[in-house]
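> how would this look folded up:
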Amino acid sequence: MRLQIRQVVVPLDHGEPDILRVLTEKLRCCPEDIAEWHIFSRSLDSRSERRMPVFSLTLDVVLCGTTCDLRLTDRDIIRLPDEDQRPTIRRVQRWGGPRPVVVGFGPAGMMAALTLAE
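Model prediction:
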């Protein structure tokens, strides 16, 4: 099962054991249930209510065991689709007609240009 865990808070001088400890606490599982994990994003949190700045991590986690007591109602835990469930993108044939023109460079114009470029 693939999950994305947000708001994993660790100190600035963190190491892998610190991340694994917080991760197992958040998932309520043992470290053996986690097959692999990697940092998806990392941001610095230095708000005034904290005594010291910390890193707030978003982790992609793959679980191998089913013994975890998952709280998928927690808004910080998101279940990701498995690799075989991801949609496939197929290429279309090259356009042979006149080249289109995108007028405007606002959000819609940039999206239209990106779609045409792909």
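
> where's residue 59, which helix or strand?
Following DSSP states H and E, one finds residue 59 within strand 54-63.

> how about the strands in this protein?
Chain-ordered strands for the chain, with DSSP state E as the definition, fall at 2-11, 34-45, 54-63, 77-80.

> nearest to residue 104, out of those strands?
If you check each of the strands of the chain against residue 104 by CB to CB, strand 34-45 wins as the nearest, at 31.4 Å. In this view, the C-beta of every residue, glycine as well, is placed from N, C-alpha and C.

> quick check: mean pLDDT of the closest one?
Across strand 34-45, pLDDT averages out at 88.

> now that strand, how far from the centre of its chain.
8 Å (CA atoms, centre = their mean, to the nearest Å).

> so how far is residue 115 from residue 108?
Remark: distance between residue 108 and residue 115 (CB to CB, to the nearest Å) = 11 Å.

> swap that for residue 63, please
When residue 63 is compared with residue 115 (using CB to CB), they lie 36 Å apart.

> these two: who's more crowded?
Of the pair residue 63 and residue 115, residue 63 is the one with more neighbours under other CB atoms under 10 Å, namely 18 against 9.

> excluding its backbone neighbours, what's nearest the more buried one?
residue 1 (4.7 Å; CB to CB, 6 or more residues apart in numbering).

> just the pLDDT for that neighbour.
For residue 1, the pLDDT comes out at 79.

> pretty sure it is touching residue 81, no?
No. Under the criterion of CB atoms under 8 Å, residue 1 lies out of contact with residue 81, with a separation of 10.5 Å.

> who's more crowded, those two?
Between residue 1 and residue 81, counting by other CB under 10 Å, residue 1 is the more crowded of the two (15 against 9).

> now the more buried one: how far from residue 77?
Plainly put, residue 1 is 11 Å away from residue 77 if you go by CB to CB.

> likewise for residue 62?
Distance, residue 62 to residue 77, using CB to CB: 14 Å.
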